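[1] Pasting the sequence and the predicted coordinates here, then a few questions.
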Amino acid sequence: MHGSAGRTTTLLYRADIDGLRALAVGLIVTFHAFPHTMPGGFIGVDVFFVISGFLISGLICGEMRNGQFSVTRFYARRARRIFPALIVTLLAVLAIGWLVLLAAEYKTLGLHVTAGAGFASNLILWSESGYFDVEAVRKPLLHLWSLGLAAKGFPRLIVVGPSPHWYEPVANVIYREWSKGPRSGTPPLRIPMRDSEKTARIEAQLRDISGKHNAGYFSLIDTLCNSQGCLSRFGDRASDITSYDGTHLTPAAATYVIADMLSVLTKADNQR
């Protein structure tokens, strides 16, 4: 990145970033075309978030250092970059929807097109979520939620720490621990985590980095673990375990964590 007073700040071309973009696109396209071949391909969206944050933040910081930053110019630049492809996408979806959708479905599509054009898709999709919501595959503009989120900015950055790591499916760990006692007993609710010292070091480093950059920090270890071990399950159903693969949280665990995170953040905001 370079620039000086009286000259517009620009970003130097980064071939490595273009490579990451290509990789992210490949993952997303493969996920949509062959979901069973690339079940985790949606991570490409996260890659795009990181790339966008890096590029946009770098450009804004450079312009601010040179006294050149303008909100109007920033959004005008974003519009010139995004709107051509966005308009083509919205018009194409409207045209195809006119041919294949029923009247009620087309009305909903029109709402999604309007929200997409106004960078408010995330709010509309959030208002529709629930038990009676249609399948995600029936929402052709679902991917525009990320544009809506990016357009609104992020007023507060929260760094989430590492989750408990057992290095194998939690169901196997639960069964092994349960087998150590009487088979008629209840499967253990908490199980000691492997490499707890390593996880503690990572937590300390992340807390330090978060503090230096004025970011909040939320500890999954504090939420899921205590002196007796880490939660391995939240109920008696198979879907109630903390993790299927030993690392990533299940929907049950994620719901528990998010509820605790909202409680912690709300309490912190009230104390300010």
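    Here it is on my side, so go on.
[2] any idea how far Ile28 is from Phe34?
    Taking Cβ to Cβ, to the nearest Å as the criterion, Phe34 is separated from Ile28 by 12 Å. Where C-beta positions appear, they are placed from N, C-alpha and C, glycine not excepted.
[3] Likewise for Glu197?
    38 Å.
[4] Could you name the helices and strands sitting against the host helix or strand of Ile56?
    For Ile56, the element it lies in under DSSP states H and E is helix 43-65. Counting contacts by 3 or more Cβ pairs under 8 Å, 6 or more residues apart in numbering; DSSP states H and E, helix 43-65 is packed against helix 15-33, helix 145-152.
[5] Now the helix or strand just after the shortest one: average pLDDT?
    When you say that, I think you mean helix 145-152. Beyond helix 145-152 on the C-terminal side, the first helix or strand identified by DSSP H and E is strand 158-160. The predicted model gives strand 158-160 an average pLDDT of 82.
[6] Pull the residues that contact strand 158-160.
    When contacts are taken as Cβ atoms under 8 Å, 6 or more residues apart in numbering, the neighbours of strand 158-160 outside the stretch itself are Leu206, Ile209, Ser210, Ala215, Gly216, Tyr217, Phe218, Leu220, Met261, Leu265.
[7] partners of that strand, with directions?
    According to DSSP bridges, strand 158-160 has the following sheet partners: strand 216-218 (parallel).
[8] Not counting its own residues, what contacts the partner strand?
    Everything outside strand 216-218 that qualifies as a contact, by Cβ under 8 Å, 6+ apart, is 156-161, 206-207, 210-211, 261, 264-265, 268.
[9] Which is the succeeding secondary structure element to it?
    Later in the chain than strand 216-218, the nearest helix or strand by DSSP H and E is helix 220-224.
[10] which parts of the helix or strand bottoming out on mean pLDDT in the chain are buried?
    Here the helix or strand of the chain ranked lowest by mean pLDDT, DSSP states H and E is helix 145-152, holding a mean of 76. Judged by neighbour count using 16 or more other Cβ atoms under 10 Å, the buried positions of helix 145-152 are Trp145, Ser146, Leu147, Gly148, Ala150.
[11] for the longest helix seen in the chain, what is the average pLDDT?
    Assignment by DSSP state H gives helix 71-100 as the longest helix of the chain. Taken as a whole, helix 71-100 has a mean pLDDT of 91.
[12] now the following helix or strand past it against helix 71-100, angle please.
    Once the chain leaves helix 71-100, the next helix or strand it forms, by DSSP H and E, is helix 103-117. For the pair helix 103-117 and helix 71-100, the angle between their directions (axes from the mean of the first three to the mean of the last three Cα atoms, to 10 degrees) equals 160 degrees.
[13] residues in contact with Phe48?
    Contact analysis of Phe48 by Cβ under 8 Å, 6+ apart lists Arg21, Ala24, Ser146.
[14] where's the second one relative to Ser243, distance?
    If I follow you right, that is Ala24. Counting by Cβ to Cβ, the separation of Ala24 from Ser243 is 25 Å.
[15] ok, these two, which is more surrounded?
    When Ala24 and Ser243 are compared on other Cβ atoms under 10 Å, the one with more neighbours turns out to be Ser243, at 24 against 20.
[16] sorry, back to before: pull out the buried positions in the helix holding Ile56.
    The neighbour-count check on helix 43-65 (16+ other Cβ under 10 Å) flags Gly44, Val47, Phe48, Ile51, Ile56, Leu59, Gly62, Glu63 as buried.
[17] from the residues you listed, which single one is nearest Leu125?
    Leu125 lies nearest to Phe48 out of the buried residues of helix 43-65, by Cβ to Cβ, at 17.7 Å.
[18] can I assume Phe132 sits in a strand?
    No. Secondary structure assignment places Phe132 outside any strand; it is coil (DSSP: H, G, I helix; E, B strand; the rest coil).
[19] Great, nothing more from me.
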